[in-house]
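Novice: take this sequence and fold it.
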Amino acid sequence: MLQFQPLETSTHSTEKVTPSPRISARAVCEALNDAEQKLAWCMRVVGALSGYRFDEATGEDVIEFQQRLYRIIADLEALYRRIKREEKRLIGAKARYIPVWFAKRMAQLSAYSKKLRDGLTLARAVGDGFVWFFYERDPQLIEEHLKLQPQLLLPPDLGAAGERILLENLRGVDGKFMLYHGITSLLRIGDFSFVDMTSLRVACLAELKTTRIDPQRINLSLSIISGDKDQIPKFPVREPSEPREPAPPLSAPMQARFERQRKVMQDSIVAAKEVRDGLTISGDLGFHYRELEDVVRRSHARTFEYVKAGDGLIIGAWRIPGSRSYGAPSPKRLIKCMPEVASDMPAWTTKILDAGSTWNSVAYGGLGGDDSLKARSTGLPFFAWPVNPQVLADIAFERVIIITLFNAGHLIKRLHASGYEVELDEGGQLRRATKQVDNKLIELENYSYFMSLVPWALMTEDAVMSMIEQTIEATKSVPLDKHPAKVEFRPVIRRSSARDDRLTRKRVPG
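Specialist: Have a look, this model is predicted:
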């Protein structure tokens, strides 16, 4: 347990308690537009870390990044919390209002909340891209983080004040860089991580508890958990100028919660260090990033522009007409004009059909929504893609609409050509494939996930097929007795500069 000196503060809450002006669409729009301008700088820093252009950011920018992103998130959350308080107040006094007005106002507030939640998701997706640079060599620990539910909001009141103070006063110590989990959706265990800047591996996790000493002072206590005591950062010891007061005790509920959190950190550190397999396979995977950049560069307001990426993938891009800010609502005319601007879609769809195949199954998707921004353990975060940050910003801020058309039939046909009997579900997706290899019956299940890497992660079909073939080949080394053995694979996608020879891992339960 490490204790910081009591720090003077006159802030009891992260939100103002003075009366606020009426919440309006204009206030929400202005808040989101302000966030858009500030996030542009953050995206450039993340783009530099992802390897797009290293000269886009300096070391000082990297150090300053977390505080800047925190302030963007905190500002959006302050308005979001105001809206939720307003909703609660209106519901409590519902009988005093005309039903039609009440329903209309609640619908407005709900729409404002949704727009701000989207903004917070986007901001934290940028944070995911930032921390990925420091975390991608610890994929097992990322998996442990993702087992917990993400938190939409920063802690309220005193907890937020403590985290903000620590973030502003401690960037790193003893060669360890401090990452703040509150600016991400990816990191969910504890409040902070310390990364060894020599090895770029996570050294430890930390949980912060904040207690009040008196109306003007609070106490911060940081508990650090590591699998290696030598990796715990050594904080400089300074004699206090005046006798240090003992830390105020935690309340019983807070103490119980802290013990649960500490156990989760301990269990996660142990689980992440377990040797999960003795077999690794890897390869240089291909992606359609350049095709994405090309079609966004060519996009305009008249119609969708398209590019064929591999045998079964079409990427389309349409630039929304006029100068439209992120905070502005989507004009209804944009929806009405979609059939016209997408009139070439059927013709382009035929380009990925295989006339001589019975396996055609075209799925429609897109990039830039929650599904693209959602943190996953098996792929690069959206903002960690080595793509021009302006292209990613155009997609994320809805200045360019991206659609994907994917025909999984080409991959299914390749499996069938390799001797597999394939079975499809009602939607035409691969359910399983079986093949007799020597004296073994190889059965593949849930391989639709691998195929989804084409439209979701823009992985090439050759790369996906290579992973499937390698995993099949790897099963030959699994010893079998009289009972079937279940071998589970899933990919771990990393930038080539961070690869430590493992892109795909195997687990054999039991």
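Novice: what is the rounded mean pLDDT of stretch 197-214?
Specialist: Averaging pLDDT along stretch 197-214 gives 91.
Novice: likewise stretch 355-369?
Specialist: The average pLDDT within stretch 355-369 is 87.
Novice: same check on stretch 162-171?
Specialist: Averaging pLDDT along stretch 162-171 gives 92.
Novice: and stretch 127-135, by the same measure?
Specialist: 95.
Novice: then stretch 291-309?
Specialist: Taken as a whole, stretch 291-309 has an average pLDDT of 96.
Novice: what residues of it count as buried?
Specialist: 291-296, 299, 303-307, 309 (16 or more other C-beta atoms under 10 Å). C-beta: built from backbone N, CA, C; applies to glycine.
Novice: cool, and stretch 43-61?
Specialist: For stretch 43-61, burial by neighbour count (16+ other C-beta under 10 Å) applies to 43, 44, 45, 46, 47, 48, 49, 50, 52, 57, 61.
Novice: ends of that stretch, how far apart?
Specialist: From its first residue to its last, stretch 43-61 covers 11 Å (C-alpha to C-alpha, to the nearest Å).
Novice: quick one: contacts of that stretch?
Specialist: Under the contact criterion C-beta atoms under 8 Å, 6 or more residues apart in numbering, stretch 43-61 has outside partners 62, 65, 126, 129-130, 133, 383-389, 392-393, 495, 497.
Novice: distance of residue 87 from residue 24?
Specialist: Distance from residue 87 to residue 24, counting by C-beta to C-beta, to the nearest Å: 15 Å.
Novice: let me have the buried residues of stretch 291-309 in a markdown table, extended by secondary structure and distance to residue 180.
Specialist: Shown next, in a markdown table, are these (DSSP: H, G, I helix; E, B strand; the rest coil; distance: C-beta to C-beta, whole Å):
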| residue | secondary structure | distance to residue 180 |
| --- | --- | --- |
| 291 | helix | 35 |
| 292 | helix | 30 |
| 293 | helix | 31 |
| 294 | helix | 36 |
| 295 | helix | 36 |
| 296 | helix | 31 |
| 299 | coil | 35 |
| 303 | coil | 44 |
| 304 | coil | 40 |
| 305 | strand | 39 |
| 306 | strand | 41 |
| 307 | strand | 38 |
| 309 | strand | 37 |
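Novice: quick one, which of residue 87 and residue 24 is more surrounded?
Specialist: Taking neighbours as other C-beta atoms under 10 Å, residue 87 and residue 24 compare with residue 87 leading, 17 against 11.
Novice: quick check: the more buried one touching residue 108?
Specialist: No: applying C-beta atoms under 8 Å as the test, residue 87 and residue 108 come out as separate, 10.2 Å apart.
Novice: top strand in the protein by residue count?
Specialist: Determined from DSSP state E, the single longest strand within the chain is strand 201-214.
Novice: what lines up beside that strand in the sheet?
Specialist: Partners of strand 201-214 in the sheet, by DSSP bridges, are strand 192-196 (antiparallel), strand 217-225 (antiparallel).
Novice: can I get the first one in PDB, CA atoms only?
Specialist: Listed in PDB are the C-alpha atoms of strand 192-196, where the atom choice follows Å, rounded to 0.1, in the frame of the first residue of the first chain:
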ATOM      1  CA  PHE A 192      -4.200   2.300 -13.600                       C
ATOM      2  CA  SER A 193      -1.500   0.200 -15.200                       C
ATOM      3  CA  PHE A 194       2.300   0.800 -15.000                       C
ATOM      4  CA  VAL A 195       4.200  -0.200 -18.200                       C
ATOM      5  CA  ASP A 196       7.900  -0.900 -18.100                       C
END
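Novice: give me the element residue 431 is part of.
Specialist: strand 430-437 (DSSP states H and E).
Novice: list the buried ones in that strand?
Specialist: Buried, per 16+ other C-beta under 10 Å, within strand 430-437: 430, 432, 433, 435.
Novice: out of the buried residues of stretch 291-309, which is nearest to residue 190?
Specialist: For these, the residue nearest residue 190 by C-beta to C-beta is residue 292; the value is 34.9 Å.
Novice: for the closest one, list the residues it contacts.
Specialist: Residues near residue 292 by C-beta under 8 Å, 6+ apart: 315, 367, 387, 391, 402, 458.
Novice: can you flag which of those belong to strands?
Specialist: Cross-referencing those against strands under DSSP E gives 315, 367, 402.
Novice: for the second one, give the beta-bridge partners.
Specialist: Beta-bridge partners of residue 367, counted by DSSP bridges, are residue 402.
Novice: I'd say it and residue 395 touch.
Specialist: Yes: the criterion here is C-beta under 8 Å, and residue 367 meets it with residue 395 at 5.8 Å.
Novice: touching both of the two, which residues are there?
Specialist: The contact lists of residue 367 and residue 395 share residue 402, where a contact means C-beta under 8 Å, 6+ apart.
Novice: nearest spatial neighbour of residue 311, skipping sequence neighbours?
Specialist: residue 410 (4.4 Å; C-beta to C-beta, 6 or more residues apart in numbering).
Novice: with residue 162 instead?
Specialist: Nearest to residue 162 is residue 210, by C-beta to C-beta, 6+ apart, at 2.9 Å.
Novice: residues contacting the most centrally placed residue in the chain?
Specialist: Centroid-nearest residue in the chain, with C-alpha atoms, centre = their mean: residue 375, separated by 2.7 Å. Applying C-beta under 8 Å, 6+ apart to residue 375 gives the contacts 125, 128, 146, 150, 184, 185, 186, 381.
Novice: now do the same for it: its pLDDT.
Specialist: pLDDT, residue 375: 82.
Novice: element containing it?
Specialist: Following DSSP H and E, there is no helix or strand that holds residue 375.
Novice: next one: residue 91
Specialist: Secondary structure assignment for residue 91, by DSSP H and E: helix 59-92.
Novice: next structured bit after that helix?
Specialist: helix 99-135.
Novice: hmm, back to that, helices - which of the buried residues of stretch 43-61 land there?
Specialist: Using DSSP state H, 43, 44, 45, 46, 47, 48, 49, 61 are the members of the buried residues of stretch 43-61 that sit in helices.
Novice: any idea how far residue 396 is from the closest residue to the first one other than its chain neighbours?
Specialist: Of all residues not flanking residue 43 in the chain, residue 389 sits nearest, at 4.6 Å (C-beta to C-beta, 6+ apart). Between residue 389 and residue 396 the computed distance is 10 Å (C-beta to C-beta).
Novice: now swap in residue 317 and tell me
Specialist: The gap separating residue 317 from residue 396 is 14 Å, by C-beta to C-beta.
Novice: do the same with residue 450
Specialist: Distance from residue 450 to residue 396, by C-beta to C-beta: 26 Å.
Novice: ok, residue 320 next?
Specialist: Noted for residue 320: a distance of 13 Å to residue 396, by C-beta to C-beta.
Novice: what about the two, which has more around it?
Specialist: Per other C-beta under 10 Å, whichever of residue 320 and residue 396 has more neighbours is residue 396, with 25 against 17.
Novice: wait, isn't that one in contact with residue 373?
Specialist: Yes: counting by C-beta under 8 Å, residue 373 is a contact partner of residue 396 at 7.3 Å.
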